[in-house]
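> what follows is a predicted protein model with its sequence.
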Amino acid sequence: MLSLDTIRQAPKALLHDHLDGGLRPATVVDLAREFGYDGLPTTDVDDLAAWFRRGADRKSLELYLETFQHTVGVLQERAAIIRVAAECAEDLAADGIAYAEVRYAPELSTERGLTLDEVVEANLEGFRIGSERAAAAGRPIVMRVLVTAMRQAARSVEVAQCAVRWRDAGVVGFDIAGPEAGYRPTRHLEAFDYIRHENFHITIHAGEGFGLPSIWEALQFCGAERLGHGVRIVDDITVEADGSVSLGRLATFVRDRRIPLEMCPTSNVHSGAATSIEDHPIDLLRRLRFRVTLNTDNRLMSNVSLSSEFQTLEETFGLGLGEMEWLTINAMKSAFAPFDERLRIINEVVKPGYAHLRAEASRVVARA
Ligand SMILES: [Zn+2]
């Protein structure tokens, strides 16, 4: 059994986390007061936290997304974005995360006149401040930004151009998010073509609220290097009664090409992409050696941390330190940071961290 404390100490990497899905409830209340946002359902911090969690667990991606109007509602000023981004870096570092890519759609923060570039600049500035504070507290973290476009809107080309403008300042890739059914990735082909022609990076939310056609378009038309969630790839895998497994053409391609799956089990149960943690395909995909990574998605709405997600997998599927290290190295191999930076984190942070925890565990066993 791994304790939550051991899991927190283990170095981890996070590839799929939304800035507007990870605010501290108290910060939402503070910012609403400071910047005159009067739309909150309650200004009591505990009630608000409970409200977000109830709002998320409604088994529909569209209903899940409704709760974001309030986090986005308080992210309309530069100072608010900086504060939220700085706290995000501190919270992830405190959870033992060594490397994180956190995504945000700058078009959501333009209601009071901020430009896309001003939003991205504030996001990066907040990460710089939060990482400095985390390092000073003895928990160094590398924070990178993914710039997201909303799939139901029509600004993806502008957003993609904005992402590329900030590539040397900490933005490492481009994504699309939002309701999936009815808004397939090829609606945004022009943005993806632009990103590819710039030799920049693409991950796409696909196979969460919609099935295999969305994954297929993301990979074969849009050039996705990773899949956000990708849970529905399991629709292309057949498990027979005798336990033998056969993969269809798309699942075979995803496994053969080592395409990373940014999996977020608790969020998938809340949005209805999986019926329960027990039935979540993450363990089947892990055993089949897909390039699986473990992620949080929305820490506020789903009431999770990366450590709590690892604990959930430990309790449900019996995963231990070895599997945690494998999932973490998968994530570092799949990160959009440059190769030398990824290698450094694997060799200087991840491997020594797990070796240390394994040595401690064997000392405990030897003493017993
Ligand atoms: Zn997501």
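Received the coordinates, thanks.

> which positions within the longest helix along the chain qualify as buried?
Taking DSSP state H as the criterion, the chain has its longest helix at helix 116-136. The neighbour-count check on helix 116-136 (16 or more other CB atoms under 10 Å) flags 116, 119-131, 133-134 as buried. C-betas here are computed from N, CA, C, even on glycine.

> go on, stretch 232-246?
Buried residues in stretch 232-246, counted by 16+ other CB under 10 Å: R232, I233, V234, D236, I237.

> now tell me what touches it from outside.
Contacts to stretch 232-246, defined as CB atoms under 8 Å, 6 or more residues apart in numbering, come from residues 207-208, 210-212, 214-215, 227, 247-251, 254, 261, 273, 281, 284-285, 288, 290.

> where does pLDDT dip in the chain?
Under the criterion pLDDT under 70, the flagged ranges of the chain are 368.

> repeat that with 90
Low-confidence segments of the chain, defined by pLDDT under 90: 1-2, 54-66, 153, 178-186, 207-211, 243, 271-273, 360-368.

> ok, now how distant is R258 from N330?
From R258 across to N330, the span is 9 Å (CB to CB, to the nearest Å).

> list only those of the contacts of stretch 232-246 flagged as buried.
Using 16+ other CB under 10 Å as the burial test, the contacts of stretch 232-246 include 207-208, 210-212, 214-215, 227, 247, 250-251, 254, 261, 273, 281, 284-285, 288, 290 as buried.

> who's more crowded, R258 and N330?
More crowded of R258 and N330, by other CB atoms under 10 Å: N330, with 21 against 12.

> give me the nearest residue to that one, chain neighbours excluded.
Excluding the flanking residues, the one nearest N330 by CB to CB, 6 or more residues apart in numbering is T293, at 5.1 Å.

> so the one you found bridges to which residues?
T293 has the following beta-bridge partners by DSSP bridges: E262.

> I'd guessed it sits against L261; true?
Yes: between T293 and L261 a contact is recorded at 6.6 Å, counting by CB atoms under 8 Å.

> which residues in the stretch 51-200 of the chain form helices?
All helices of the stretch 51-200 of the chain, identified by DSSP state H, counting those that start in this stretch, fall at 61-66, 68-73, 78-94, 116-136, 156-165, 189-197.

> ok, which of those helices comes nearest D46?
helix 68-73 (15.6 Å; CB to CB).

> and for that closest one, what's in contact with it?
20-21, 23, 28, 32, 37, 39-41, 52, 108-109, 300-301.
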